[in-house]
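S.K.: Please work out how this folds:
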Amino acid sequence: MNNLKKVGLTALGTALISSTASVAGDMSVTGSAIITFTGKDNTHSGNGWSMSDTMSFSGSGELDNGWTVSYSHAIDNGTNDANSITVDMGDSGSLTFAGLGGSGPVEANDDVMPTANEESWATVAGTVSGLADGSEGNNNFTYTLPELVEGLALEVFHQPADAAQGSSIEYEAVYTGVENLTIGYAGGDNEDTLTNTIENTILYAKYTMDSFTFGLQTNEENEETALADTDFTAWGISYAVSDELSVSIGGSETEHENTSLSDQEAQAVSFSYVSGGMTIGGSMHDVDNVGGSASTNNSGYELNVTFAF
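M.R.: All right, here's what the predicted structure looks like:
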């Protein structure tokens, strides 16, 4: 195996490949700490304050054939959360193996509408329905194709089967070839159990005009389980008041195949203010018929301060 050159973790050769060579280089460490206060109008269950933190270690190196190998490891609230190895093969694309905490494009795109802080359905009590149920787990693969058409990014994700779930394959396509416009697709089949397969289809578009960004998204989820299908629609508008301050408004609706469930509707307004490595954010949310329950209408708010380093 070729040795890595220069940039990367000091022990990157040992972490990435079976090699006895010692590789000198630089290590990149980033992280964040978030202090949050959450209030829910319909529930009063203890202290609304919380804190979370994340640290990420990364490094990269170049093989003798010109390929680049990179490694990343994330620790979330003191627990190993994710690690992965990516081999960038130049004109042949790149391949990522996630040993821990990998997820596919469906999970990543369940709601990508423009917002200054949180999604329209966040912070409420109860289980929100309609979000795309994508594949996630350990020991999975992501292949990012080379740019075949200018502005078009393509990706394929595969989660092998294990004792609890079947295998899953997902796809993503994002087109940015028109100025200020992003059009995206994500979908695939997720065998979330050994007896149920979920077919997801996500389509979205976002357009930026001056300081405004507009977005519209649809998620369709079809399951083998009877009466479990959902259709989710979301929209969002964000406005950059300045380089530091942004505000947004958004909403979403979930329609259920099961006619005994009511349509879930959500609305939210958000803001964020950036000052160096500190971001102050806030959101107010209102969700009717949470999870399809006609008797569950919740509203809530969130304030958070994030420190990045």
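S.K.: residue boundaries of the strands in the stretch 151-300 of the chain?
M.R.: Listed in chain order, the strands of the stretch 151-300 of the chain (DSSP state E, counting those that start in this stretch) span 152-159, 168-175, 181-190, 198-209, 212-223, 230-240, 245-256, 264-275, 278-288, 298-308.
S.K.: Which of the ones you listed sits closest to residue 74?
M.R.: Nearest to residue 74 among the strands of the stretch 151-300 of the chain is strand 298-308; the distance by CB to CB comes to 14.3 Å. Where you see a C-beta, it was placed from the backbone N, CA and C, and this is true even at glycine.
S.K.: Can you list the buried residues in the closest one?
M.R.: Residues of strand 298-308 classed as buried under the neighbour-count rule (16 or more other CB atoms under 10 Å) are 298-302, 304-306.
S.K.: which among the residues you listed gets closest to residue 56?
M.R.: residue 306 (14.5 Å).
S.K.: bridging residues for that closest one?
M.R.: residue 34, residue 279 (DSSP bridges).
S.K.: List the contacts of it.
M.R.: Going by CB atoms under 8 Å, 6 or more residues apart in numbering, residue 306 touches 32-34, 278-281.
S.K.: Can you give me every residue that contacts residue 185?
M.R.: Contacts here follow CB under 8 Å, 6+ apart; on that basis residue 185 touches 171-174, 201-203.
S.K.: what about 10 Å?
M.R.: Residues near residue 185 by CB atoms under 10 Å, 6 or more residues apart in numbering: 105, 109, 154, 171-175, 201-204.
S.K.: Then residue 115?
M.R.: With CB under 10 Å, 6+ apart, residue 115 has these contacts: 122, 213, 215, 234, 236-238, 246-250, 268-270, 272, 281, 283.
S.K.: Next: residue 271.
M.R.: Residues near residue 271 by CB under 10 Å, 6+ apart: 116-117, 241, 245-248, 280-284.
S.K.: Distance check, it against residue 116.
M.R.: Separation of residue 271 from residue 116 (CB to CB, to the nearest Å): 5 Å.
S.K.: hey, what's in contact with both of these two?
M.R.: The contact sets of residue 271 and residue 116 overlap at 241, 245-248, 281-283 (CB under 10 Å, 6+ apart).
S.K.: Run through the protein and note the low-pLDDT ranges.
M.R.: Counting by pLDDT under 70, the chain has low-confidence residues at 1-26, 42-45, 123-126.
S.K.: Can you pull up the most central residue in it?
M.R.: What sits nearest the mean C-alpha location of the chain, by CA atoms, centre = their mean, is residue 108, with 3.3 Å.
S.K.: residue contacts, that one?
M.R.: Going by CB under 10 Å, 6+ apart, the list of residues near residue 108 reads 132, 134, 136, 155, 157, 170, 172, 186, 202.
S.K.: and the last one, what does it touch?
M.R.: What that stands for is residue 202. With CB under 10 Å, 6+ apart, residue 202 has these contacts: 105-106, 108-112, 132, 134, 170, 172, 184-188, 217-221, 232.
S.K.: Now, of those residues, which are buried?
M.R.: 105-106, 108-112, 132, 134, 170, 172, 184-188, 217, 219-221, 232.
S.K.: one step back: restricted to buried residues, select the contacts of residue 306 in ChimeraX.
M.R.: Filtering those down to the buried ones (16+ other CB under 10 Å) takes a single ChimeraX command:
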select :34,279,280,281
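S.K.: Let's have the contacts of residue 306 in CSV, adding distance to residue 53.
M.R.: As requested, the contacts of residue 306 are arranged in CSV below (distance: CB to CB, whole Å):
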residue, distance to residue 53
32, 7
33, 4
34, 7
278, 14
279, 14
280, 17
281, 16
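S.K.: what's around the closest residue to residue 178 other than its chain neighbours, how many residues?
M.R.: Nearest non-adjacent residue to residue 178, counting by CB to CB, 6 or more residues apart in numbering: residue 151, 7.5 Å away. By the criterion of other CB atoms under 10 Å, residue 151 has 14 neighbours.
S.K.: Residue 151 and residue 176 touch, don't they?
M.R.: Yes: here residue 151 reaches residue 176: they are 4.9 Å apart, a contact under CB atoms under 10 Å.
S.K.: overlap in contacts of these two?
M.R.: 182-183.
S.K.: Go ahead and confirm residue 47 touches residue 39.
M.R.: No: if you go by CB under 10 Å, residue 47 and residue 39 don't touch, sitting 11.0 Å apart.
S.K.: Which one of these two is surrounded by more residues?
M.R.: Remark: of residue 47 and residue 39, residue 39 carries more neighbours, 14 against 7, as counted by other CB under 10 Å.
S.K.: right, and the helix or strand after the helix or strand harbouring the more buried one?
M.R.: Under DSSP states H and E, the secondary-structure element containing residue 39 is strand 28-40. Counting by DSSP H and E, the next helix or strand C-terminal to strand 28-40 is strand 49-62.
S.K.: Show me what that following strand is packed against.
M.R.: Strand 49-62 is packed against helix 12-16, strand 28-40, strand 68-76, strand 79-88, strand 298-308, with contacts defined by 3 or more CB pairs under 10 Å, 6 or more residues apart in numbering; DSSP states H and E.
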